[in-house]
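>>> Output the structure for:
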Amino acid sequence: MSDSVPQELELVRAFVNTYDVEDGVDSLGTPEALAGWLVERSLATGDLTPTKGEVRRAGALREALRDHLLANNGAELPESSAETVAQQSGRSGLHVEIRNGSVVLSASAGGVDGALGRILVAVATSMLDDSWPRLKVCAADTCRWAYVDRSRNRSRHWCAMNVCGNREKVKAFRTRQAGAFGA
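Sure thing, here's the model as predicted:
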């Protein structure tokens, strides 16, 4: 994989990383913040005024996608995450067309649902071009930051070896040492 990240992967990575698990900071936690993020990325236009319900649905989709990225890192995907994506796909009016031998995906809904649908189109496009398995979330429970795995064999588990990877390896070492001395 080249150093450049497909724009679809970058969009999904940025969306998932709007919630910082370690610090508990949600960059999309208010209607104004969600509207600003969607408009800034050209996913929605005009006078966008999300409801609190739409903010909750955006957060639910984000966490469902985080679960999908954790599945890319070897975890089991909760059925509820697949259901959340399917429900949002329906609300977004996702359409599949075939034009000139290519698949064209689009979201026909307006507002927040249409914008979330465009994120799901990015997911589907990444799956079609086989870049999707490279988008993962950190295996560290305290982190869960989304990153692109650029390793040749797609075997990276942590967002950064010098931070989360080191913490996890030290924790595993201490657990082994405690077991060896406690036996």
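>>> Please make it C-alpha for all contacts and neighbour counts, starting now.
Noted.
>>> so where do the strands sit in the chain?
Ranges of strands within the chain are 19-20, 25-26, 94-99, 102-107, 135-137, 146-148, based on DSSP state E.
>>> Show the average pLDDT along the last one.
Model confidence over strand 146-148 averages 94 on the pLDDT scale.
>>> Between the strands of the chain, which shows the greatest average number of neighbours?
strand 135-137 (a mean of 27; mean count of other Cα atoms under 10 Å).
>>> Relative to that strand, what are the paired strands and their orientations?
Sheet pairing of strand 135-137 (DSSP bridges) gives strand 146-148 (antiparallel).
>>> Now do the strand it pairs with: everything it contacts.
By Cα atoms under 8 Å, 6 or more residues apart in numbering, the list of residues contacting strand 146-148 from outside reads 5, 13-14, 16-17, 66, 69, 134-138, 159.
>>> other SSEs contacting the longest helix along the chain?
The longest helix of the chain (DSSP state H) is helix 52-71. Applying 3 or more Cα pairs under 8 Å, 6 or more residues apart in numbering; DSSP states H and E, one finds that helix 52-71 contacts helix 7-16, helix 31-40, helix 79-92, helix 111-128, strand 135-137.
>>> could you redo the last one with a cut-off of 10 Å?
Using 3 or more Cα pairs under 10 Å, 6 or more residues apart in numbering; DSSP states H and E as the contact criterion, the elements in contact with helix 52-71 are helix 7-16, strand 19-20, helix 31-40, helix 79-92, helix 111-128, strand 135-137, strand 146-148.
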